[in-house]
Each structure stands twice: as C-alpha cells, then as structure tokens.
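Colleague: sequence first, then the predicted structure:
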Amino acid sequence: MKSTVTELEDNKVKLSVEVDENEFEPAVDAAFKKLAKQVRLPGFRPGKVPRKVLESHFGKEVARGQAIEDAVPDFFFKAIIEHDVDFIAAPDYDITGGMEEGPLVFDATVEVRPQINVAGYDSLRVEVTRPEPTDEEIEERIDQIRGQFGELETVERTAAEGDHATIDITGTHDGEEVEGLTANDYVYEVGTGAVVAEIDENLIGAKAGDILDFEAEHPDPEAEGTLSFRLLVKEVQEKVLPEVDDAFVADATEFETVDELRSDISNGLRTMKLQQANTMLSDGVAAELGKLVDEEPPEALVENEVHQRVNDMAQRIESQGIDFGQYLQMTGSSIDQFQEQLREPAEEGVKIDLALRAVVVAENLQVSDADLDSEFETLAEQVGQPAADLRARIESAGQLSAVRSDLERRKAVDWLLDRVQIVDENGEPLDRSELEIPEEEADGDAEAGSADATPVATVSDEEE
C-alpha cells in the first residue's frame, strides 16, 4: 500500500491511498465468502458455493464492490497510523480507481485536530484557599464530638434553632390524615428542615403549650395540592454540651489531653485543606488556560467530548446499580436535554485540551522512550498483564500516539503548575511549597482527625 497526505483548508487533510491487487485480493476473497453464505444455488450447501461458480453467476463486480466497502476503512486506518494523522471526524471517501479491476485507489478527506497558539499561558494567576485550619474550624470539630455526648434539658423559653421540641403533629390533605405526617410525642430538632420548611418557621419562637396551624406544599413532588398541619408543642429542650477538659477527652476519644485532640484535628484539617487547595490549583490552571483560547472549538471535538462525558456518567450511575435510562426518568430529563447540559463544560474541556497541546508545541515538551516505558509499566500493573504485551497491543491498534499525547499534556500541566502565580483568597502570594503534602501526612490521611475516629473523618468526607 502506498499513501500520501495533502493539507487542505479548514483543518482538513486528504490521504491518497493506492492498494495493489495482491494486497487487495484477500478482501475480494472474503467478499466472495460472504456472498456464498447469502445465496442459494442448486447442488451447493449454503456457504459452500465455490468462488468460480459465484463469479459465473454474479460477475466479479458484485464481490469487488463489497470488498471495497469492507476494506477501504481498514486501509484508511493503516494510512492514518503511517502518517500519524490526528483526525477527529469520520472521513469522506472518493474511490478513484479499481472499481472493476486493477489497484484500488481512493482519497479520504478528513478533519484533523487544529493547532492553535495561546498567548499568556506563561503568566497565569490562580486563587486558592490558604490551607491553614482556623480556630473556628477546630472548635467546630470539637463541638461535633461534644454533640455526641450532649444531654437534653427542658427549658421554659421559646424554641430556637438547635433545640429539640417534643410535638404532636397532624398532617392532613383534603381533610384526611396523611400517613407518615401524623405522630404523637415526636422529638423534632428545630432548624433541620426535615419534612417541610414551614415546621421550622413556626416552631422557632414557640413555647410549650402552643398550638400551631399552618399550610405547606406537599413534600412529595408528585403529589398535588397543599397540606394542612397542626402542631401541639409539648416540651422544649436544649442540648447541653459537656465541658472540654482532659477528663472528657480521655473518656470520649483515643487521646489523653485537649492539646493532643486539637493537634490531631488541626493536622487532619490541614491535610484535607492541602488536598482541596491542590485540586483548586489544578482546576484553576486548566480553567484560566482555557480562557486564553479565542477560537471556537471544532464541532466534531465538542460532540465527541459530550458523548464521552455521557458515557462516563452512565458508567458511574450503572456502577451503583441504577439503569441510566431509569436515572433519566427519575431526574425528568431526556438524553437530548442531558447532552445539552454537558455541552458548555464539553466546549471548555476541548479548549483546555487544545491549549495544553499548544503549550506542548511552544515549549517543545518531548516524551522520551523512558517516559513511555514507565507509562506502560504503570498501565500494565493496573490491568495485570506484561508491559511488552500491552505496548504491542496498543501499537497494533494505532493508539501509541494517543498515549504519547496524553503524556505530553501531563508534562504541559506540570510545566504550568511550576510557573503559575498562586494567591490566596485575600490576593496574597502563596508559595508553591506551601501546598506540598508531607509524605507522612498523606500516608496518615485515612486516620487524620480521628478523635473518636468516626465522626471527625465522616465530617471531613462530607466537606470534601
């Protein structure tokens, strides 16, 4: 097979391919075998009709046309791999020779990924939150532990947010009591927003003995009409938290002193904040880089990115045991609406990708053979097969350039992270070293903030 590439306008190239008869012959033979399975001729079993018999009945042109249809995409991809063409959309084929006999000759016009220039990538400025825990945050964690050991005490005052009110509650719809919204001696924490917001609005400022009547929208979005509520406030209690001293800490946590507890919480918060700050930095660099791209991204790239994001989302949802179609029904969305919601972030993602590729070219960020070897070792360990076998499979599929390109973009990200100007929420400069996570802290992150291990770790996970 011989092939050449010609650059065209509008980010397109034309591949001109010529395949000699000997190389094309296996495709013709395969087409005859396919035809043999489809026809019925007297004296022959299905699929067993000799090629010469088929040629005499139908002519060579029928199988040759099928062979061209089947084989042209394969020869196109061989030419793509040979010339390392980064195409982004389906090609348009033009068969220019070999329809009846002789070498197969065709042109394939295809859109390729554009190369852009990005001005200002070397002077990005990104804001991140300074990764130092405040005294208020530490106290909040301590209060969460105290809250597990708090005791309720009756008060004579009106109810406030955070109090617990014992109530008789009756919820009716068109005069009929609603199951699940009627109960006696129900202890309700004021301010939680449970059931309907109107309960909190009416309880705040109420005292024992008050009867509260109000209406609210039904909490079930599929139900119509409003609900009528009657609440009898029977008791108001406040939660009294224990004093924080060494004795409490020793009883409630794995630590012996208040100072030890504060130090552990502070370390856990700092590690969490460092991780959050690094995420903010990476996301911020990408976002700021994407803003430098003035060109509209090619529609083919945006469509591909949208479809990839839909597939990724579907896989995440189905990994949780939920059918993606059911998920769309539950959220009241169609696949078209879902794709439209992803379109804007997909455009931003394409711009960031194009900009990173521009940085690779501008800074000549080369991927060495050692880089590739290391990457294949890592990938091979993840999939559980020898690195050499994995590399051979990727090369035969024509995906080696994709692996190389991914490594180049990672180098571009590292290059940018090393040079970006980092400021905190107050606009004050922040040194990159201040965002480095010490190895011992990273290793111990799973246990960080583990005073009475579970509550603090759980709260950290929620906030992340």
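Modeller: It's in. These figures come from a predicted structure and were not determined experimentally. Numbers count the residues shown, from 1 in each chain.
Colleague: from here on, just use CA atoms for contacts and neighbour counts.
Modeller: Will do.
Colleague: any low-confidence regions in this structure?
Modeller: 35-61, 221, 440-464 (pLDDT under 70).
Colleague: what's the single longest strand in it?
Modeller: Longest strand in the chain by number of residues (criterion: DSSP state E): strand 226-240.
Colleague: just the CA trace of that one, in CSV.
Modeller: Listed next in CSV are the C-alpha coordinates belonging to strand 226-240 (Å, rounded to 0.1, in the frame of the first residue of the first chain):
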residue,chain,number,x,y,z
THR,A,226,-51.2,21.7,49.9
LEU,A,227,-51.1,20.1,53.3
SER,A,228,-52.6,21.4,56.5
PHE,A,229,-50.6,20.9,59.7
ARG,A,230,-51.5,21.2,63.4
LEU,A,231,-48.7,21.1,65.9
LEU,A,232,-49.0,20.9,69.7
VAL,A,233,-45.7,21.9,71.4
LYS,A,234,-45.4,19.8,74.5
GLU,A,235,-41.8,20.4,75.6
VAL,A,236,-38.8,22.5,74.5
GLN,A,237,-35.3,21.1,75.3
GLU,A,238,-31.9,22.4,74.6
LYS,A,239,-28.8,20.3,74.2
VAL,A,240,-26.2,20.9,76.9
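Colleague: show me what that strand is packed up against.
Modeller: Counting contacts by 3 or more Cα pairs under 8 Å, 6 or more residues apart in numbering; DSSP states H and E, strand 226-240 packs against strand 151-154, strand 164-173, strand 211-217.
Colleague: pipe those into a markdown table and attach distance to Val17 per row.
Modeller: Compiled in a markdown table, the helices and strands packed on strand 226-240 are given as follows (distance: least, Cα to Cα, whole Å):
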| stretch | distance to Val17 |
| --- | --- |
| strand 151-154 | 82 |
| strand 164-173 | 75 |
| strand 211-217 | 68 |
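Colleague: contacting residues for Ala355?
Modeller: 116-118, 289-290, 292-293 (Cα atoms under 8 Å, 6 or more residues apart in numbering).
Colleague: all strands of the protein, in order?
Modeller: Ranges of strands in the chain, per DSSP E, are 2-7, 12-19, 92-97, 104-111, 125-127, 151-154, 164-173, 176-177, 183-189, 211-217, 226-240, 421-423.
Colleague: quick revisit: nearest to Met272, of the helices and strands packed on strand 226-240?
Modeller: strand 151-154 (30.8 Å; Cα to Cα).
Colleague: what does that closest one contact?
Modeller: Under the contact criterion Cα under 8 Å, 6+ apart, strand 151-154 has outside partners 164, 235-241.
Colleague: which one of the contacts of Ala355 has the most neighbours?
Modeller: Greatest neighbour count in the contacts of Ala355, by other Cα atoms under 10 Å, goes to Leu289: 27 neighbours.
Colleague: surely that residue touches Leu124?
Modeller: Yes: because the distance of 7.4 Å satisfies Cα atoms under 8 Å, Leu289 is recorded as touching Leu124.
Colleague: re earlier: compare the strands of the chain and give me the one nearest Asn202.
Modeller: Nearest to Asn202, of all the strands of the chain, is strand 211-217, at 7.0 Å by Cα to Cα.
Colleague: out of the helices and strands packed on strand 226-240, deepest packed?
Modeller: Mean neighbour count (mean count of other Cα atoms under 10 Å) peaks for strand 164-173 among the helices and strands packed on strand 226-240, with a mean of 20.
Colleague: for that strand, which strands pair with it and how are they oriented?
Modeller: strand 176-177 (antiparallel), strand 183-189 (antiparallel), strand 226-240 (antiparallel) (DSSP bridges).
Colleague: tilt between that strand and strand 211-217?
Modeller: Angle, strand 164-173 to strand 211-217, by axes from the mean of the first three to the mean of the last three Cα atoms, to 10 degrees: 60 degrees.
Colleague: contact partners of strand 164-173?
Modeller: When contacts are defined by Cα under 8 Å, 6+ apart, strand 164-173 is touched by residues 152, 159, 177-178, 181-190, 225-239.
Colleague: same thing with stretch 303-319?
Modeller: 323-324, 327, 338-339, 342-343, 346-347, 349-350.
Colleague: mind listing what's buried in that stretch?
Modeller: Of all the residues in stretch 303-319, those buried under the rule 16 or more other Cα atoms under 10 Å are 303, 305-307, 309-310, 314.
Colleague: also stretch 430-440?
Modeller: Neighbour-count burial for stretch 430-440 [16+ other Cα under 10 Å]: 430, 432, 435, 437.
Colleague: show me those residues that map onto helices.
Modeller: Of these, none are assigned to helices by DSSP state H.
Colleague: want to throw these into a markdown table with distance to Glu408?
Modeller: Shown next, in a markdown table, are these (distance: Cα to Cα, whole Å):
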| residue | distance to Glu408 |
| --- | --- |
| Leu430 | 27 |
| Arg432 | 22 |
| Leu435 | 24 |
| Ile437 | 25 |
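Colleague: between these, which sits nearest Leu8?
Modeller: For the buried residues of stretch 430-440, the nearest to Leu8 is Arg432 (44.5 Å; Cα to Cα).
Colleague: what sits against the closest one?
Modeller: 418, 422.
Colleague: with the one 3 residues further on instead?
Modeller: With Cα under 8 Å, 6+ apart as the criterion, the residues that contact Leu435 are 131, 274, 277-278.
Colleague: so which of the residues you listed comes closest to Phe87?
Modeller: Phe87 lies nearest to Asn278 out of the contacts of Leu435, by Cα to Cα, at 33.7 Å.
Colleague: separation between that closest one and Ala119?
Modeller: 25 Å (Cα to Cα, to the nearest Å).
Colleague: neighbour count for these two, which is higher?
Modeller: Between Asn278 and Ala119, Asn278 has the larger neighbour count (other Cα under 10 Å), namely 18 against 13.
Colleague: grab the nearest non-local neighbour of the more buried one.
Modeller: Sequence neighbours aside, Leu435 is the residue nearest to Asn278 in space, at 6.6 Å (criterion: Cα to Cα, 6 or more residues apart in numbering).
Colleague: ok, that neighbour to Ile142 distance?
Modeller: Counting by Cα to Cα, the gap from Leu435 to Ile142 is 25 Å.
Colleague: do Ile80 as well
Modeller: 62 Å.
Colleague: Lys234: neighbour count?
Modeller: Around Lys234 there are 18 residues (other Cα under 10 Å).
Colleague: can you tell me the closest non-neighbouring residue to it?
Modeller: Sequence neighbours aside, Ala208 is the residue nearest to Lys234 in space, at 5.0 Å (criterion: Cα to Cα, 6+ apart).
Colleague: cool, Arg357 as well?
Modeller: Arg409 (6.2 Å).
Colleague: next up, the contacts around that neighbour.
Modeller: So Arg409 contacts 353, 356-357, 360 (Cα under 8 Å, 6+ apart).
Colleague: run the chain-centre distance for the longest helix seen in the chain.
Modeller: Scanning the chain for the helix with the most residues, using DSSP H, yields helix 258-291. When distances are taken as Cα atoms, centre = their mean, to the nearest Å, helix 258-291 is centred 20 Å away from the chain's centroid.
Colleague: try stretch 353-370
Modeller: Stretch 353-370 has its C-alpha centroid displaced from the chain centroid by 24 Å (Cα atoms, centre = their mean).
Colleague: can you show me the CA trace of that stretch as PDB?
Modeller: Only the C-alpha atoms of stretch 353-370 are listed here, as PDB (Å, rounded to 0.1, in the frame of the first residue of the first chain):
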ATOM      1  CA  ASP A 353      -7.100  20.300  25.700                       C
ATOM      2  CA  LEU A 354      -6.200  22.400  22.600                       C
ATOM      3  CA  ALA A 355      -4.400  24.900  24.800                       C
ATOM      4  CA  LEU A 356      -2.400  22.200  26.500                       C
ATOM      5  CA  ARG A 357      -1.300  20.800  23.100                       C
ATOM      6  CA  ALA A 358      -0.300  24.300  22.200                       C
ATOM      7  CA  VAL A 359       1.900  24.600  25.300                       C
ATOM      8  CA  VAL A 360       3.500  21.200  24.400                       C
ATOM      9  CA  VAL A 361       4.500  22.600  21.000                       C
ATOM     10  CA  ALA A 362       5.500  26.000  22.200                       C
ATOM     11  CA  GLU A 363       7.800  24.700  24.900                       C
ATOM     12  CA  ASN A 364       8.900  21.600  23.000                       C
ATOM     13  CA  LEU A 365       7.900  19.200  25.800                       C
ATOM     14  CA  GLN A 366       9.200  15.900  24.500                       C
ATOM     15  CA  VAL A 367       8.200  12.500  25.700                       C
ATOM     16  CA  SER A 368      11.200  10.200  25.900                       C
ATOM     17  CA  ASP A 369      11.300   6.500  25.400                       C
ATOM     18  CA  ALA A 370      11.900   6.200  29.200                       C
END
